[in-house]
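Just the structure for this:
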Amino acid sequence: MSVTTTGQGRSVIVTGAGSGIGRATALMFAEEGARVLIADVDGAAARAVAEEATKAGGTAVTVIGDLRDQAVVDQVTATAVEAFGGIDVLVNNAGVMDTMSAAADTGDDEWERVIGINLTAPFRLTRAVLPHMLAAGKGAVVFTASEASLRGSAAGAAYTASKHGIAGLTKSLAVMYRDKGIRSNAIAPGGTITNIRVEADRNAHGPAALAPYMGNVGSPSQAQEQAAAIVFLASDAAGNINGAILPVDNGWSAV
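This is a model prediction of the structure:
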């Protein structure tokens, strides 16, 4: 059994697939012959990745839109089922950073945006996909959590809360559906080289309080290293792994 194979022709949804970890994940699945739905808010980026995925040996379709919109969630699900006949793997990867703000400095707009994209949208998409996996009697859901899922010193209040929520959702799904053939796991990336920027005021309380802990990050990973962990968790090789939050962080969580 291959460590990373997902099976030729498996149907996969990857959100936030226009760049970074999502792009690397979509292309890695495509290289193994998967059929991949590439969901992203950036249409040009999504279409470019779809073209790359096709060249890599996979089949790709795109859905463009903000996953905070239930209509987009429904479109992603319906498109995958129509194009591929079902959904074998859901990778809930799309996410945004906060401004490293402490709770007292976190405005409603920042809180609602981060929670909406990082937690509510993955919940809604998972909820939409589950009936199809349940009907098939199998499926794998993989979330992109974060080092901030494991500690309080890796991000601001909104991002930390959202990623702790992802860890809890991952484990809840594992318990609720383990007897239905569905597995739920997450990676917890540490520092990773992507295009996500952190717009933080270093003089504000949150960034200043977090600064002493950031020296533990270690060498950042490449997006492909995070993608490899996602593809593994979705594979048959991880068939008895369920409810795990896998740090991919160069030992940051061990410090």
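
how about V142, what does it touch?
Taking C-beta atoms under 8 Å, 6 or more residues apart in numbering, we find V142 in contact with 89-92, 184-187, 230, 233-234. Heads up, the C-betas are built off the backbone N, CA and C, glycines and all.

Could you list everything it pairs with in the sheet?
Assessed by DSSP bridges, V142 has beta-bridge partners V91, N185.

before we move on, what about L37?
I13, V61.

thought it was touching G86?
No - contact criterion C-beta atoms under 8 Å: L37 and G86 do not qualify, at 11.7 Å.

what residues are shared contacts of these two?
11, 80.

what residue ranges in the protein score low on pLDDT?
Residue ranges of the chain with pLDDT under 70: 1-7.

helix/strand/coil for the residue in it sticking out farthest from the centre?
The C-alpha centroid of the chain is most remote from N203, which lies 30.6 Å away (C-alpha atoms, centre = their mean). Under DSSP: H, G, I helix; E, B strand; the rest coil, the three-state class of N203 is coil.

can you give me the helices for the chain?
20-31, 43-55, 70-84, 108-115, 121-136, 157-177, 205-210, 223-234 (DSSP state H).

Going by neighbour count, which residues of the fifth one are buried?
The reference is to helix 121-136. 121-122, 124-126, 128-130, 132-133, 136 (16 or more other C-beta atoms under 10 Å).

From those, pick the one nearest G152.
P122 (21.0 Å; C-beta to C-beta).

dump the residue contacts of A50.
Listed by C-beta under 8 Å, 6+ apart, the contact set of A50 reads 36, 38, 60-62.

Show me which of those residues is closest to R47.
For those, the nearest to R47 is T62 (5.8 Å; C-beta to C-beta).

Which residues lie in contact with the closest one in this structure?
T62 makes contact with 37-40, 43, 46-47, 50, according to C-beta under 8 Å, 6+ apart.

coming back round to it: return the distance of the residue farthest from the centre of the chain relative to T54.
Computed as C-beta to C-beta, to the nearest Å, the N203 to T54 distance reads 47 Å.

Enumerate every residue touching the spatially closest residue to V72 that is not a sequence neighbour.
Spatial nearest neighbour of V72, excluding adjacent residues (C-beta to C-beta, 6 or more residues apart in numbering): G65 at 3.6 Å. By C-beta under 8 Å, 6+ apart, the contact list for G65 reads 39, 41, 71-72, 75.

and of the residues you listed, the nearest to A174?
Nearest to A174 among the contacts of G65 is A39, at 23.2 Å by C-beta to C-beta.
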